[in-house]
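>>> let's see this in three dimensions:
(one chain, ligands or ions: 3)
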Amino acid sequence: MTEATRVLVLNAGSSSVKYQLIDMLDGRRPATGLVERIGEAGGRLVHTAQDGEPRESRQPFPDHATALAAVARELAADGLGLDSPQLAAIGHRVVHGGQRFTAPTVVTDEVLTEIRRLVPVAPLHNPANITGIEVARALRPDLPQVAVFDTAFHTTVPEYAARYAIDRATADAHRVRRYGFHGTSHQYVSRATARLLGKDPAEVNVIVLHLGNGASASAVAGGVCVETSMGLTPLEGLVMGTRSGDIDPGVVFHLHRVGGLSIDEIDDLLNRRSGLLGLCGDNDMREITRRMDEGDEAAELAFRAYVHRLRKYLGAYCAVLGRVDAIAFTAGVGENAAAVREAATAGLTELGIAVDPELNSVRSGAARVISPPYSRVAVAVVPTDEELEIAQQAYTLVHTGWS
Ligand SMILES: Nc1ncnc2c1ncn2[C@@H]1O[C@H](COP(=O)(O)OP(=O)(O)O)[C@@H](O)[C@H]1O
Ligand SMILES: CC(=O)OP(=O)(O)O
Ligand SMILES: [Mg+2]
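Ligands and ions are numbered 1, 2, ... in the order given. Here you go, the predicted structure:
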């Protein structure tokens, strides 16, 4: 009988699906891929079989179900279809797990109902995650579908940091508290940073800066998350591609009462039309730095606002941790934008933080230290691998039960 040693990971975002088939015995990835611009014009699927050339197809993907059906077809075309007896589980990134889900969980009807109940607090993400689960379940009802939650790693944040300073009864009635997101990435990267430094995660305090489309910071003390920048929803904290991050809640009242915007319009404004996009019309850091080189003032302002918020969090988390051993930059911007890393850490030698310009400018896909030897705090670029972390957690759950 064929041994089931592979996990298919689905990381469904608001307008994209990333997927990876990972063999847990040898770490090989027989297939990886990405569907972009779901529900928009210019849909695109890129599928890469191991040792193969990327295969690209351009077609509209009206919704996530269509995109996932196309992913299943691409896998089948390489003889890696979802009917494969080698599949041990399908791992799903689920963004919001609320207070209940603090560990990877096998999806049942009841679990799915609970994930659906959390849609209002992760409106850009949980619906896509649910579709991923439904499609995968329909194709392989016999396989364990494992949900790995973005919120899980942050459940150790102490109550005084997780609570908003609002009336307790009201907060509790509506389960309003800070949950934090990107936890799978913060967990993976904080451990990978310790490994890079040749240390045990239990001995090091790390600030992780996950800077992708969504962006968040976390303070991880001895492997345990003690603070993170996102809140009830993935809107709090850093300036992001299209999200505002921190804002005076009074802005919402003002826009509603004086500006005449509805709550739904304000939700759309803060989640989809703010951040870098709102400040300069572009949400891609590559485009922003290119425009800055041409002297574009709006792009410069957006960049400065982005970096300023990042520095505020960096300073805050130095105070939260007391002793910082490492700062790790990760995700699309953190791994690639040397200008952001440079600006975020400039002038912080008094805090023991320095970056070597030459090391910072090296382009590489590997985890690497970019601080000079005299920097008390190691500054590093550590590529995230949410898919591997999800696959490992799913496989461990299926094989040994979670402990
Ligand atoms: N070479 C690059 N230089 C600067 N920024 C980049 C580069 N590549 C990607 N990015 C940034 O990374 C973002 C995507 O990050 P990613 O972590 O893939 O996001 P997500 O997983 O949230 O979709 C892009 O919007 C862009 O701003
Ligand atoms: C939670 C979140 O913001 O995720 P993403 O960065 O994938 O949008
Ligand atoms: Mg991401």
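
>>> relative to ligand 2, how far out is T228?
Distance, T228 to ligand 2, by C-beta to the nearest ligand atom, to the nearest Å: 11 Å. Any C-beta I mention is one placed from the backbone N, CA and C, and that applies to glycine too.

>>> give me the number of residues near that residue?
T228: 30 surrounding residues under other C-beta atoms under 10 Å.

>>> residue contacts, it?
154, 157, 178, 180-181, 183, 186, 216-219, 237 (C-beta atoms under 8 Å, 6 or more residues apart in numbering).

>>> one more pass at 6 Å, please.
154, 180, 218 (C-beta atoms under 6 Å, 6 or more residues apart in numbering).

>>> G322 - nearest residue in space that isn't next to it in sequence?
Ranked by C-beta to C-beta, 6 or more residues apart in numbering and with sequence neighbours excluded, the top spatial neighbour of G322 is N205, at 7.8 Å.

>>> quick one: that neighbour and L321 touch, right?
Yes. Taking contacts as C-beta atoms under 6 Å, N205 lies within contact range of L321: 4.6 Å.

>>> for the two, list the residues in contact with both.
Joint contacts of N205 and L321 (C-beta under 6 Å, 6+ apart) are A221.

>>> which one of the two has more residues nearby?
Of the pair N205 and L321, N205 is the one with more neighbours under other C-beta under 10 Å, namely 22 against 17.

>>> SS state for the one residue in the stretch 251-400 of the chain that gets nearest to ligand 1?
Residue nearest to ligand 1 within the stretch 251-400 of the chain: G332 (2.1 Å; C-beta to the nearest ligand atom). Three-state assignment for G332 (DSSP: H, G, I helix; E, B strand; the rest coil): helix.

>>> give me the neighbour count for it.
17.

>>> quick one: is stretch 15-28 near ligand 2?
No. Under the criterion of C-beta under 6 Å from any ligand atom, ligand 2 is not reached by stretch 15-28; the shortest gap measures 8.5 Å.

>>> ends of that stretch, how far apart?
Stretch 15-28 has an end-to-end distance of 27 Å (criterion: C-alpha to C-alpha, to the nearest Å).

>>> return the distance of that stretch from the chain's centre.
Put simply, stretch 15-28 sits 16 Å off its chain's centre (C-alpha atoms, centre = their mean, to the nearest Å).

>>> identify the residues contacting it?
Counting by C-beta under 6 Å, 6+ apart, 5-11, 29-36, 38, 67, 71, 80, 387, 391, 395 sit against stretch 15-28.

>>> residues contacting the residue of the stretch 251-400 of the chain closest to ligand 1?
Applying C-beta under 6 Å, 6+ apart to G332 gives the contacts G212.

>>> please renumber the chain so that the first residue is 521 from this point on.
Yep, numbering from 521; the last one is G852 now.

>>> any idea how far ligand 2 is from it?
Relative to ligand 2, and taking C-beta to the nearest ligand atom, G852 is found at 9 Å.

>>> one more: Y708?
Distance, Y708 to ligand 2, by C-beta to the nearest ligand atom: 14 Å.

>>> would you mind measuring from that residue to A693?
Separation of Y708 from A693 (C-beta to C-beta, to the nearest Å): 35 Å.

>>> which of those two has more neighbours?
Y708 (24 against 9).

>>> for that one, which three-state class applies?
Y708, by the three-state scheme (three-state DSSP), is helix.

>>> identify the residue nearest it in space, chain neighbours excluded?
E909 (4.2 Å).

>>> am I right that the one you found falls within a strand?
No. Read with three-state DSSP, E909 is helix and lies in no strand.
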